[in-house]
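Asks: this one's sequence-less:
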């Protein structure tokens, strides 16, 4: 049973460019959350998707956007990249809230490490 | 708002017990978690506790929760070199969604 898979694992962009990161949730999961982890920091919540809609959003600008597809996979898009966007971007999947005991457990992928030059 | 705080660093000798502490501010937290992150890797869930519990034991891991003081601890018995990693405390609030707030992490160094 595959866990959460993310791609690409590493990428380098320059300021002003745009990036798309991809995530496939764990089999059976329908909710995807994205987190940004800057170097030496804990992960920060970006947003969460369920039923192809953004359900909740953290304190991130509109340059950060996302999408969820009918197969529950998700993309994170960041426009107009800044040096400060350099971080490990983590995708986590779960069952929807209220779906039972599994709803409270997030399964994380290995992350996509973005470097902005 | 939610805030989770941890000490930054802990060093222990192999075979000793490690205790990592965490405090949080959100009184509506429903679940509290301990995650482990090894260099260059994602987050591995170690254990979690529901907010109406005060203790949970899972093999070498013991979680203690003092809800009154909003204090969570993780005890690792017989600490091994493979336990060297960064440990994150995290909490999920009761807002109906599954937003998890993480601390800044405690780096555990195990000395052989």
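Replies: Cool, the structure landed. This structure is a prediction, so every number in the text was calculated from the model and none was measured.
Asks: name the residue of chain B that lies nearest to chain A.
Replies: residue B:102 (3.6 Å; Cβ to the nearest Cβ). Any C-beta I mention is one placed from the backbone N, CA and C, and that applies to glycine too.
Asks: that residue reaches residue A:43, doesn't it?
Replies: Yes - using Cβ atoms under 8 Å, residue B:102 is in contact with residue A:43, at 4.9 Å.
Asks: now do the shared contacts for the two.
Replies: A:35, B:88 (Cβ atoms under 8 Å, 6 or more residues apart in numbering or on different chains).
Asks: which one of those two has more residues nearby?
Replies: Of the pair residue B:102 and residue A:43, residue A:43 is the one with more neighbours under other Cβ atoms under 10 Å in any protein chain shown, namely 29 against 22.
Asks: if you skip the residues just before and after it, what's nearest to the more buried one?
Replies: Among residues not flanking residue A:43 along the chain, residue A:35 sits closest, at 3.8 Å (Cβ to Cβ, 6 or more residues apart in numbering or on different chains).
Asks: using the three-state scheme, assign that neighbour.
Replies: strand (DSSP: H, G, I helix; E, B strand; the rest coil).
Asks: got any ranges where chain B has weak pLDDT?
Replies: Along chain B, segments meeting pLDDT under 70 span B:1, B:95-96.
Asks: get me the contact residues on it for chain A.
Replies: B:4, B:30-31, B:35, B:41-45, B:48, B:88, B:90, B:92, B:95-105 (Cβ under 8 Å from any Cβ of the partner chain).
Asks: ok, the closest residue to residue B:46 other than its chain neighbours - how many residues close by?
Replies: Leaving aside its chain neighbours, residue B:46 sits nearest to residue B:34 (4.6 Å; criterion: Cβ to Cβ, 6+ apart). Other residues near residue B:34 come to 23 when the count uses other Cβ under 10 Å.
Asks: tell me the mean pLDDT for stretch A:38-52?
Replies: Stretch A:38-52 shows a mean pLDDT of 94.
Asks: next one: stretch A:12-23
Replies: 98.
Asks: quick one: buried residues of that stretch?
Replies: The neighbour-count check on stretch A:12-23 (16 or more other Cβ atoms under 10 Å in any protein chain shown) flags A:13, A:19, A:21, A:23 as buried.
Asks: would you state the strands of chain B in chain order?
Replies: Ranges of strands within chain B are B:4-6, B:9-13, B:18-24, B:31-37, B:43-50, B:55-58, B:61-66, B:71-76, B:85-92, B:100-102, B:106-111, based on DSSP state E.
Asks: need the ones you listed in JSON lines (columns: distance to residue A:39).
Replies: Shown next, in JSON lines, are these (distance: least, Cβ to Cβ, whole Å):
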{"stretch": "strand B:4-6", "distance to residue A:39": "17"}
{"stretch": "strand B:9-13", "distance to residue A:39": "16"}
{"stretch": "strand B:18-24", "distance to residue A:39": "21"}
{"stretch": "strand B:31-37", "distance to residue A:39": "12"}
{"stretch": "strand B:43-50", "distance to residue A:39": "15"}
{"stretch": "strand B:55-58", "distance to residue A:39": "30"}
{"stretch": "strand B:61-66", "distance to residue A:39": "27"}
{"stretch": "strand B:71-76", "distance to residue A:39": "23"}
{"stretch": "strand B:85-92", "distance to residue A:39": "12"}
{"stretch": "strand B:100-102", "distance to residue A:39": "14"}
{"stretch": "strand B:106-111", "distance to residue A:39": "13"}
